[in-house]
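Colleague: A predicted structure for the sequence below; I have some questions about it.
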Amino acid sequence: MQEQLTYCVVLEYCDGGDLHQALQRPTPPGFFLRVAGGVATGLAFLHGRGIMHRDLKSPNVLLHGERGVKIADFGLAALRGDCSGSSSRSSSVGGSGSRVSAIALTPRISQLSAG
């Protein structure tokens, strides 16, 4: 009998909180261009690898330092061509659907940084 592997996702601490929190207070000059550029870079990276995030919103954009913008929460992510919206598909790596879970993205998590 083979023992099943246990997976986990390790993320770096983002000291700037999320974009939703940041928009509740005054923002520095150039903030919106920096964040928009970082999100666009991150999405281009994902889309270039056939991954669709499908849940991009301000709480899922993390801010780190002066320049770091990171896209988080890949719970609804899917491979391109499999974005039918069906909730009956499996989100596990070994499941029957081709939906991508955070576990499947773990090796690439550090590369999802934009900024």
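Modeller: Looks like it came in fine.
Colleague: which stretches of this structure form helices?
Modeller: For the chain, helices defined by DSSP state H occupy the ranges 19-22, 31-48, 102-105.
Colleague: please state the backbone phi and psi of Gly17?
Modeller: Note on Gly17: backbone dihedrals following degrees, to the nearest 10 are phi 70, psi -150.
Colleague: so it touches His64, yeah?
Modeller: No - using C-beta atoms under 8 Å, Gly17 makes no contact with His64, being 9.6 Å away. Just so you know, the C-beta spots here come from the backbone N, C-alpha and C atoms, and that holds for glycine as well.
Colleague: those two: who's more crowded?
Modeller: Neighbour totals were compared for Gly17 and His64, and His64 leads with 17 against 14 (other C-beta atoms under 10 Å).
Colleague: name the nearest residue to that one, sequence neighbours excluded.
Modeller: Spatial nearest neighbour of His64, excluding adjacent residues (C-beta to C-beta, 6 or more residues apart in numbering): Cys14 at 4.1 Å.
Colleague: got the contact list for the one you found?
Modeller: Counting by C-beta atoms under 8 Å, 6 or more residues apart in numbering, Cys14 touches 62-64, 68, 70.
Colleague: phi, psi of it?
Modeller: phi -110, psi 110.
Colleague: distance of it from Ala22?
Modeller: 11 Å (C-beta to C-beta, to the nearest Å).
Colleague: overlap in contacts of the two?
Modeller: By C-beta under 8 Å, 6+ apart, the residues touching both Cys14 and Ala22 are Leu63.
Colleague: could you list the low-pLDDT ranges of this protein?
Modeller: Within the chain, the stretches falling below the threshold (pLDDT under 70) are 7-9, 82-115.
Colleague: was I right to think Ala22 contacts Asp15?
Modeller: No - with contact defined as C-beta under 8 Å, Ala22 does not count as touching Asp15 (11.5 Å).
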